[in-house]
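J.: missing the sequence, but the structure's below:
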């Protein structure tokens, strides 16, 4: 199977390097790091796995120069989808290519599927702490599991093949029975900690160390679970406890939206906040606190 | 009638100067500004009224040196009540003295009444934009109306006399039929704009100029009105519209909590947020967004 990595940042670099290291044919689309990666390769320093140094990388600066691939892994921020995906992905597609979005948020697969009629799209959630620390250099702190849920791929055997390829890397990969539930599950964490870390200029572990924001985090999580289940997801209330324990135990790691905000990049508000609030509302449940977070972030992101 | 002003800041300085200028006997308790006021008097520059220069001021550095007064106007921040009021106010009281709190928030009269058993307490809300611009120097931008609601004063004739004294100054003064309604009415504004201006580092007019926070401000106001009415206040939903119009029209003015936060002073969270949230909850209405604001502010105020 030929993989294309569209967007070789921390996430794309990590998963692409893991796949290539396991023997898969991976083609990387790069932007600013192209020259460095072409010359010096990709380097993944991991606190968990053996380090990976890929000296010869299939690196490209333009997707027009890349071969068509079987699986297009989109690892860009969702804020770039509308402006970039049509031109970046189109040259990579053959008749049976599928697009898998390793992105955050809700409703992103439907929007991408609309850009590519007839092309199968799936979504993946990555549970991972990884940072880009230099051109083509990733620092992996923890985790790495990936779950893939189908959106509209006809022949889902290809998802099993992708899961098998990820399995070879040593990561735990799974096919999720329901993309909607998969997306909402990740949102319970992302909605709570991304926005609050931006607004209060802090980190998830500090939010949980303070009584007032510990209780608030819990309340937001419960609200997201209620919203999720109103939208047909199957999330148990008990996952709040698991997620709190997980977050307290994890190494300090700035949520992606905090990094985006600090670096004055656009925030992924549409898919992480706007769509969930609207979809839950349309399903009859108003996520009052999440809506408030969204509006506070909309204001902050403008000034 | 003899008035004591406990806390000669912007509010205390303004109302005290207006009363003294109208011929009332006013005794001012000052802290850091004492020497300057003793030497140079009190100066009120107003964009609305004639300027007032009081050259001879009954200024005191300790309440032990002050005469007993008929009306004690408390103009300190509520954050100082517990630690300061017992010692500051006690020497000023005679058998029939009353204490009027020109302060923000809910439940403050009950706490102060408990400090002074047998002494009548009332609360006042001031609609005013005034800043202290130097020692004993106030800059009055707009408004000044004051409403007084009784908490536990037996002979309420004294409230009428205080209203009459304020009336002489040219300000509009009123006796409110219900202190609970009066306090909640002011909270509709204070809860909404104080906290949001701190959290989003902005001003009320900018919050209302942005669509997302305009809608959020409206939603918070409605929530406070629902909380108020659950607690037995009588606030019409239509006041949201009036308050939005009023706020859009007012000269830019930093809410008091924003000034406190920027100057690293303690925030008046107990009376403006904690008590309202708890009291509404006890009455069966959960102010979800206000509770979230409170928890965000509790976090921010610590770090």
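T.: Perfect, I can see it now. Keep in mind the model is a prediction, meaning the values are calculated, not measured.
J.: And the pLDDT for residue A:232?
T.: Predicted confidence (pLDDT) at residue A:232: the value is 98.
J.: which SS state does it fall under?
T.: coil (DSSP: H, G, I helix; E, B strand; the rest coil).
J.: backbone phi and psi for it, please?
T.: For residue A:232, the backbone dihedrals (degrees, to the nearest 10) come out as phi 90, psi 0.
J.: What are the boundaries of the strands in chain A?
T.: A:2-6, A:25-29, A:42-46, A:52-54, A:58-60, A:69-74, A:93-102, A:120-134, A:137-150, A:173-176 (DSSP state E).
J.: Among those, which comes closest to residue B:2?
T.: Closest approach to residue B:2 among those (Cβ to Cβ): strand A:120-134, 67.3 Å. No exception for glycine: its C-beta is placed from N, CA and C like everyone else's.
J.: sorry, back to before: okay, the strands of chain A in a markdown table with mean neighbour count next?
T.: As requested, the strands of chain A are arranged in a markdown table below (neighbours: other Cβ atoms under 10 Å in any protein chain shown):
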| stretch | mean neighbour count |
| --- | --- |
| strand A:2-6 | 25 |
| strand A:25-29 | 24 |
| strand A:42-46 | 21 |
| strand A:52-54 | 17 |
| strand A:58-60 | 22 |
| strand A:69-74 | 24 |
| strand A:93-102 | 20 |
| strand A:120-134 | 20 |
| strand A:137-150 | 20 |
| strand A:173-176 | 17 |
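J.: Using JSON lines, please lay out those strands together with distance to residue B:25 and mean pLDDT.
T.: Listed next are those as JSON lines, based on distance: least, Cβ to Cβ, whole Å; pLDDT from 0 to 100:
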{"stretch": "strand A:2-6", "distance to residue B:25": "79", "mean pLDDT": "98"}
{"stretch": "strand A:25-29", "distance to residue B:25": "81", "mean pLDDT": "98"}
{"stretch": "strand A:42-46", "distance to residue B:25": "77", "mean pLDDT": "98"}
{"stretch": "strand A:52-54", "distance to residue B:25": "84", "mean pLDDT": "98"}
{"stretch": "strand A:58-60", "distance to residue B:25": "85", "mean pLDDT": "98"}
{"stretch": "strand A:69-74", "distance to residue B:25": "77", "mean pLDDT": "98"}
{"stretch": "strand A:93-102", "distance to residue B:25": "76", "mean pLDDT": "98"}
{"stretch": "strand A:120-134", "distance to residue B:25": "69", "mean pLDDT": "96"}
{"stretch": "strand A:137-150", "distance to residue B:25": "70", "mean pLDDT": "96"}
{"stretch": "strand A:173-176", "distance to residue B:25": "78", "mean pLDDT": "98"}
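J.: Which among those strands is found nearest to residue B:116?
T.: Judged by Cβ to Cβ, the one of the strands of chain A that comes nearest to residue B:116 is strand A:120-134, at 56.9 Å.
J.: And residue A:246, how far from residue B:242?
T.: The gap separating residue A:246 from residue B:242 is 48 Å, by Cβ to Cβ, to the nearest Å.
J.: ok so, going back, which of the strands of chain A sits closest to residue A:213?
T.: Among those, strand A:120-134 sits nearest to residue A:213 (Cβ to Cβ), with 20.9 Å.
J.: Okay, now the sheet partners of that closest one, with direction.
T.: Paired neighbours of strand A:120-134 in the sheet (DSSP bridges): strand A:93-102 (parallel), strand A:137-150 (antiparallel).
J.: nearest residue to the residue of the stretch 1-150 of chain A found nearest chain B other than its sequence neighbours?
T.: At 17.1 Å from chain B, residue A:79 is the closest residue in the stretch 1-150 of chain A, using Cβ to the nearest Cβ. Spatial nearest neighbour of residue A:79, chain neighbours left out: residue A:266 (4.3 Å); criterion: Cβ to Cβ, 6 or more residues apart in numbering or on different chains.
J.: can you tell me which residues contact that neighbour?
T.: Contacts here follow Cβ atoms under 8 Å, 6 or more residues apart in numbering or on different chains; on that basis residue A:266 touches A:77, A:79, A:260, A:301.
J.: shouldn't the first one be in contact with residue A:263?
T.: If I follow you right, that is residue A:77. No: Residue A:77 lies out of contact with residue A:263 (Cβ atoms under 8 Å); the separation is 11.3 Å.
J.: The two - which one has more neighbours?
T.: Set residue A:77 next to residue A:263 and count neighbours by other Cβ atoms under 10 Å in any protein chain shown: residue A:77 wins out with 20 against 7.
J.: Against residue A:111, how distant is the residue most central in space within chain A?
T.: In chain A, the centroid-proximal residue (Cα atoms, centre = their mean) is residue A:103; its distance is 3.0 Å. According to Cβ to Cβ, residue A:103 and residue A:111 sit 11 Å apart.
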